[in-house]
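In: Sequence first, predicted model second:
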Number of protein chains: 2
Amino acid sequence: MSDPSTPARNETGLAVAAGILKQRFGDRFQTGTAIREQHGHTTTHIPNQPPDAVVFASSTEDVATVVRVCADQGVPVIPYGTGTSLEGQLNAPSGGISIDLSRMDRILAVHAADLDCVIEPGVTREALNSHLRDQGLFFPIDPGANASLGGMAATRASGTNAVRYGTMKDNVLSLEAVMPDGRIITTASRAKKTSAGYDLTRLLVGAEGTLGVITGLTLKLHGIPEAISAATCSFSDIRSACEAVITTIQMGIPVARIEFLDETMIRAVNSYSKLSLPVTPLLLLEFHGTEASVAEQAEAFGEIAADHNGTGFHWTANTEERNRLWKARHDAYFASLTIRPGARPYVTDVCVPISRLADCVTETQREIETLDLPTTIVGHVGDGNFHVSPMVDMSNADEIRRTEAFIGRLNERAIAMGGTCTGEHGIGQGKIPYLRGELGDSVDFMIIIKNALDPKGIMNPGKIFLP
Amino acid sequence: MSDPSTPARNETGLAVAAGILKQRFGDRFQTGTAIREQHGHTTTHIPNQPPDAVVFASSTEDVATVVRVCADQGVPVIPYGTGTSLEGQLNAPSGGISIDLSRMDRILAVHAADLDCVIEPGVTREALNSHLRDQGLFFPIDPGANASLGGMAATRASGTNAVRYGTMKDNVLSLEAVMPDGRIITTASRAKKTSAGYDLTRLLVGAEGTLGVITGLTLKLHGIPEAISAATCSFSDIRSACEAVITTIQMGIPVARIEFLDETMIRAVNSYSKLSLPVTPLLLLEFHGTEASVAEQAEAFGEIAADHNGTGFHWTANTEERNRLWKARHDAYFASLTIRPGARPYVTDVCVPISRLADCVTETQREIETLDLPTTIVGHVGDGNFHVSPMVDMSNADEIRRTEAFIGRLNERAIAMGGTCTGEHGIGQGKIPYLRGELGDSVDFMIIIKNALDPKGIMNPGKIFLP
């Protein structure tokens, strides 16, 4: 894909800012090529556009210092967590300073009675859950990658558990952020609900670092369920699988995860994770609750699946077996990389109303046949969200052209069906061409907000919309 | 309380706008005193400040017309739903045009498979639920009053079900809105989740009409539970009741409602609703699920309550008995009005982390003794949210002064405990003095957004913050 944004580099400002930050941060200011490239985009086909320098922040005050220096010099600021975003959110198309927040990884407080915690933005999902386990608590949002929670908030991440626990927007109580003028704000109290003024928390969640740098999070926690069970069921086609999901959700079965894997993905997972799942559309589920309720939920789903010609329904409360299945699901991204060694994944995601999911996936599968490249589909089907990953030989211009056209049509199809061009990866650079087609004049009001809060345009420029 | 906002009236603009709108809307443009007063604030002690005229809108295009005329003339626009807001949101301190949206009451679509619906803003909560019942669906947010859903979104309403189903922010998928320049936008698709750009949906939810007029809503729906049970339990003190609630939530019991009533409120409810509840702190609960699960939930709560010296625990799956109890809870506002006939309620609400709820209620009760006015406390205790309503003789300046000081200290106490000055009533006019104490410099960024989106300051001025 072509570079979506080429505002001019501010060479003088970049040089002055680098000088000041080098003096201020010493060894925590780095300009080596490898470090800079690692702080640009690395996960998908989107080209790497490294920042000019990386500052390793240790505190909110460090972040405020960098933002103030960059504001003075009119230089871009790009926040960095673990580098796992998928739509080019970390790239520096006009250069700038990457603020690496991974050293801000302290868990500042766990309020067990309130089911919340206060953390720094570099804490990863897995680190937080390891810390919480002894207290019988967990944080449910699980995008697969061991992402930083600041990054997950910035991209409004979700993943497999969203059907029950929501996305980051539903699980952040409050944020601390450094705003574009260097001021530090706290967007909300620790109260579970509030109607006090504009919801700045949810304005920053999903803003992809374009309105401020998240430097602290207060997150909702949940008690680890007394019991967890998993189930799998095969279906003759995607439509039957979707109808089973719709009935399950309509009946109010509080399923915790409900994932769809297509045949290509099943083949990849079987090979990568040494499984022998039947090579047919599969639903993989998880239920949380008491011993009695997870059994009741699994059995109720089994009956629904049978009504929709599901076969091979199997459920288990055995932890080892469950973990093996879900490990395979989590490794699906890596499994999909193996189906065409040397190729790059064009990872993309869309989300549609669940009533249109079967249509959307079926039409997409038909187009995959024409595209004729190894391509997996995996979906958070309870939300109508699915991922499509054609594996592309990046030296073959024709493959790239065909894939970009295929992805363009996929996004337009999802939007035409009342859905969104991105369920959980954000807009970044990759989805800019589709945002206005989805939201029309709303985008103008987003830009008004952007320009008002960040008049110098320094916060992660070239993302979400072009300046 | 004194008028919090007195920007000057734009007499010329008001006269010109009235002339244009009269011509445009005919009988749907009204200036009678009774109608104007009814469209100002009427529910609490806050003085009535009527608009100059009321336009009864029939369509989004009508709303856009009014907004464009008012924008041209620099005249305030105040959206009106059912008039049930509690903090002065409907007042017109600088005059202006009230847009009555109650005739925009069509349910445009119910998508049962997707568990959503598309409605006009004047549809009330009860009308929507009546319409949905045959399809086995319901909309859970229940602030007590039969409010319009547009108004509920504008004030980020919640109520008794929020502990399980969240607040309006969690149950609005997308909004249609007329922005301050008269343009009509749709903030999001119908997809269950999205990461497409800034969350304008949640920026408008809770903005109290200060950023735009909500003219359409896409709402999440839920399946009516297979079974519902209710329970009551008395406690010797608020602390024991709160500890029982904390344990219940930590254990992940998915309680649908969990309400606290203090002794004064119990006395009022017993008298008003002909009940004979024991006059001691009471928890009133509701459980949603399958037959088996509501029984399991109620029994689990019963054990927890016993551990915290709860007495008289009683649960029922009988619909009639359950409805009688919850009717009493819903009538609590009216019951509280009877405890001092002729007096006006100073209704206020705060919300604190649940670990501080017992402290906050206990200190407040101690102050009520000093205040020495009939005062009820009722709380959505699962969220840490409670309402305090001193009944005040509005002809007695000393009572008013003491009550305002009492409410000031209550708000400051909640904020000092990590909570908010308003859990679900919004800021309106009444809570303006406390917002900055709670959110500090965040308020500056709200004002930047307000001024950028509404540069003429016409959208519901004098609410949330002073210009």
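Out: That came through, no problem.
In: Kindly provide the distance from the residue nearest the centre of chain A to A:Arg68.
Out: Centroid-nearest residue in chain A, with C-alpha atoms, centre = their mean: A:Ala157, separated by 3.7 Å. From A:Ala157 over to A:Arg68 the distance is 28 Å, taken as C-beta to C-beta, to the nearest Å. From N, CA and C alone the C-beta is placed, and that goes for glycine too.
In: Count the neighbours of A:Ser293 for me.
Out: 24 (other C-beta atoms under 10 Å in any protein chain shown).
In: coming back round to it: so the residue nearest to the centre of chain A, which of the three states?
Out: Following DSSP: H, G, I helix; E, B strand; the rest coil, A:Ala157 is assigned to coil.
In: quick one: it and A:Ser148 touch, right?
Out: No - assessed by C-beta atoms under 8 Å, A:Ala157 is found out of contact with A:Ser148, at 10.1 Å.
In: all helices for the stretch 351-467 of chain A, in order.
Out: Shown for the stretch 351-467 of chain A, the helices assigned by DSSP state H, counting those that start in this stretch span residues A:357-371, A:397-416, A:432-439, A:442-453.
In: Name the residues of the second one that come out as buried.
Out: What it means is helix A:397-416. Across helix A:397-416, burial judged by 16 or more other C-beta atoms under 10 Å in any protein chain shown covers A:399-400, A:402-404, A:406-407, A:410-415.
In: So what touches that helix?
Out: Under the criterion C-beta atoms under 8 Å, 6 or more residues apart in numbering or on different chains, residues A:1, A:45, A:346, A:348, A:350-352, A:360, A:363-364, A:367-368, A:371, A:373, A:388, A:390, A:392-394, A:420-421, A:431, A:433-434, A:437-438, B:189, B:191 lie in contact with helix A:397-416.
In: Not counting sequence-adjacent ones, nearest residue to A:Leu373?
Out: A:Pro390 (4.7 Å; C-beta to C-beta, 6 or more residues apart in numbering or on different chains).
In: I'd like the mean pLDDT over stretch A:268-280, please.
Out: Mean per-residue pLDDT for stretch A:268-280: 92.
In: Next: stretch A:186-206.
Out: For stretch A:186-206, the mean per-residue pLDDT is 98.
In: Do me a favour and get the end-to-end distance for that stretch?
Out: Its start and end residues considered, stretch A:186-206 measures 17 Å (C-alpha to C-alpha, to the nearest Å).
In: Wondering if it reaches chain B at all.
Out: Yes - using C-beta under 8 Å from any C-beta of the partner chain, we find that stretch A:186-206 touches chain B at A:186-200, A:202-203, A:205-206.
In: and if you look at stretch A:139-158?
Out: Yes - Stretch A:139-158 lies within reach of chain B by C-beta under 8 Å from any C-beta, at A:Thr155, A:Arg156, A:Ala157, A:Ser158.
In: And the first one, its phi and psi?
Out: Right, A:Thr155. Dihedral pair for A:Thr155: phi -100, psi 10, per degrees, to the nearest 10.
In: about what we covered before: just send the residues of stretch A:139-158 next to chain B back as a markdown table, with pLDDT and distance to B:Leu261 too.
Out: A markdown table is the format used below for the residues of stretch A:139-158 next to chain B (pLDDT from 0 to 100; distance: C-beta to C-beta, whole Å):
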| residue | pLDDT | distance to B:Leu261 |
| --- | --- | --- |
| A:Thr155 | 97 | 43 |
| A:Arg156 | 97 | 38 |
| A:Ala157 | 97 | 40 |
| A:Ser158 | 95 | 38 |
